[in-house]
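**Q** Predicted structure and sequence below. I'll ask about it afterward.
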Amino acid sequence: MAKTDLQLSILDLATIYNGESATQTLLNSTELVQLADRLGYTRYWFAEHHNTKHQMSTSPDLLSAHAAAISKNIRIGSGGIMLPNHSPLKVAENFSLLEALHPGRIDLGIGRAPGTDGLTALALRRSREAVTTYDFPEQLNELLSFFSRKFPDNHPFKDITPSPDKNLIPDIYMLGSSNGGMQFASHYGLGFVFAAHISPHLAVPMLRAYRENFKPSSFMPEPKSVLAIIVVAAETEEEAEYLAGPAELQWVRWGTGEFHLAPPTLEEASSHVYTDQEEAVRRENKGRFVIGSVENVEKKLRKLAKDAMVDEIMILNMLTEKTTRHKSYALLADAFNLSPSNNEKV
């Protein structure tokens with residue numbers, strides 16, 4: 001079987017579906033990591049969200065440690081660590097440790113947003129000044145300097161050692177849904193992952209701009225870009241539309257301010273009658289999704305990748321049923337001729 005020219009990866013929000021327990025949700029993630037590993041997906045990332053009733057993705061570093069321990073080939077990491085919530089030193093320590101445990105398989109995706117509301121951000125950071133002050137550039141500089149051991153001679157942290165081995169550096173990516181993340185990624189020579197499910201209209205221009213402005217670094221000598229988007233693939237168009245119903249309804253609810261409701265079930269989504277306002281939001285959301293038969297999804301993803309100049313698509317499928325979730329990823333793995341040997345070390 002020929003190798004694919006387009007890599008596929010997975011983004012996991014550890015969402016609680018159908019009223020299942022938190023433990024079952026994490027077991028589902030465990031099983032999906034192992035399936036993705038067997039199918040030949042390139043990487044599996046966990047998001048960071050706080051103060052949510054329906055997601056267990058509070059600690060991507062801990063989830064990464066677990067996922068890496070129960071998989072063999074697939075790269076594991078964060079999509080991402082929301083750096084404003086963390087000490088750069090602690091992030092460097094944690095991911096150096098992960099890299100030591102699983103050499104060549106760890107990714108550190110970095111986000112600039114808090115991943116939560118203002119009050120929860122205060123509870124996380126324990127300082128009102130930290131919440132109201134924008135110091136991400138300083139934080140990022142500190143983090144990269146801890147990894148590279150290249151603090152200026154007059155920097156107070158220059159003699160702090162995040163790990164005994166200076167070579168324990170994960171692959172580092174900036175996340176983005178605007179030009180901010182792109183600018184940091186291209187300037188510092190980091191990988192770049194654009195959230196097309198958040199800002200679909202900016203995905204292609206931002207990913208192209210990243211490659212045009214990329215400056216090689218010790219972290220990444222060549223540009224590495226990934227487009228992340230919601231993908232639902234099934235055997236037929238009709239089945240895919242049905243399975244995507246809960247995700248579409250959930251995004252409509254978020255778009256109309258209904259953040260408190262649990263993710264809808266398949267039955268709830270299929271019987272929902274959209275108001276005129278909801279239908280307008282639903283139409284606006286179409287760019288966040290790639291939905292259809294696996295043949296049509298493959299064509300759409302290949303076109304997106306070509307337009308955005310990426311060689312990797314990161315998939316969030318938001319399917320509520322484990323069996324259909326697994327089948328969707330398996331269909332895509334087959335369509336793109338994935339195999340475990342495709343997991344390349346960047």
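**A** Now that the structure is in, tell me what you want to look at.
**Q** host element of residue 305?
**A** helix 294-308 (DSSP states H and E).
**Q** Sorry, slip of the keys, the one I care about is residue 192.
**A** Judged by DSSP H and E, residue 192 forms part of strand 191-195.
**Q** tally of neighbours for residue 136?
**A** Using other C-beta atoms under 10 Å, residue 136 is surrounded by 16 other residues. Every C-beta, even on glycine, is put in place using the N, C-alpha and C of the backbone.
**Q** Would you tell me what the next helix or strand after the strand holding residue 192 is?
**A** helix 203-213.
**Q** buried residues in that following helix?
**A** Buried residues in helix 203-213, counted by 16 or more other C-beta atoms under 10 Å: 203, 204, 206, 207, 208, 209, 210, 211.
**Q** Hmm, residue 308 and the fifth one touching each other?
**A** What that stands for is residue 208. Yes: look at residue 208 against residue 308 with C-beta atoms under 8 Å: they come within range, at 6.7 Å.
**Q** gap between the spatially closest residue to residue 335 that is not a sequence neighbour and residue 24?
**A** Using C-beta to C-beta, 6 or more residues apart in numbering and skipping residues adjacent in sequence, the residue nearest residue 335 is residue 298, 4.5 Å away. Distance of residue 298 to residue 24, given as C-beta to C-beta, to the nearest Å: 31 Å.
**Q** Show me which helix or strand of this protein is least confident by mean pLDDT.
**A** Every helix and strand of the chain was ranked by mean pLDDT, DSSP states H and E. The lowest is helix 128-132, at a mean of 73.
**Q** what's the distance between that helix and the middle of its chain?
**A** 26 Å (C-alpha atoms, centre = their mean, to the nearest Å).
**Q** Not counting sequence-adjacent ones, nearest residue to residue 265?
**A** Per C-beta to C-beta, 6+ apart, closest to residue 265 is residue 18, 5.8 Å.
**Q** circling back to that earlier point, any chance of the buried residues of helix 203-213 in JSON lines, plus distance to residue 314?
**A** Output for these, formatted as JSON lines (distance: C-beta to C-beta, whole Å):
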{"residue": "203", "distance to residue 314": "12"}
{"residue": "204", "distance to residue 314": "15"}
{"residue": "206", "distance to residue 314": "15"}
{"residue": "207", "distance to residue 314": "12"}
{"residue": "208", "distance to residue 314": "17"}
{"residue": "209", "distance to residue 314": "19"}
{"residue": "210", "distance to residue 314": "15"}
{"residue": "211", "distance to residue 314": "17"}
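**Q** Just put those in a markdown table and tack on distance to residue 36 and pLDDT.
**A** As requested, those are exported to a markdown table (distance: C-beta to C-beta, whole Å; pLDDT from 0 to 100):
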| residue | distance to residue 36 | pLDDT |
| --- | --- | --- |
| 203 | 23 | 97 |
| 204 | 26 | 98 |
| 206 | 26 | 98 |
| 207 | 23 | 98 |
| 208 | 28 | 98 |
| 209 | 30 | 98 |
| 210 | 25 | 98 |
| 211 | 27 | 97 |
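**Q** with the residues you listed in mind, which one is nearest to residue 184?
**A** Of all these, the one with the least separation from residue 184 (C-beta to C-beta) is residue 210, at 10.1 Å.
**Q** Does that closest one touch residue 224 like I think?
**A** No: counting by C-beta under 8 Å, residue 210 does not reach residue 224; the two are 9.6 Å apart.
**Q** Common neighbours of these two, please.
**A** residue 192 (C-beta atoms under 8 Å, 6 or more residues apart in numbering).
**Q** Please report the number of neighbouring residues for residue 126.
**A** 8.
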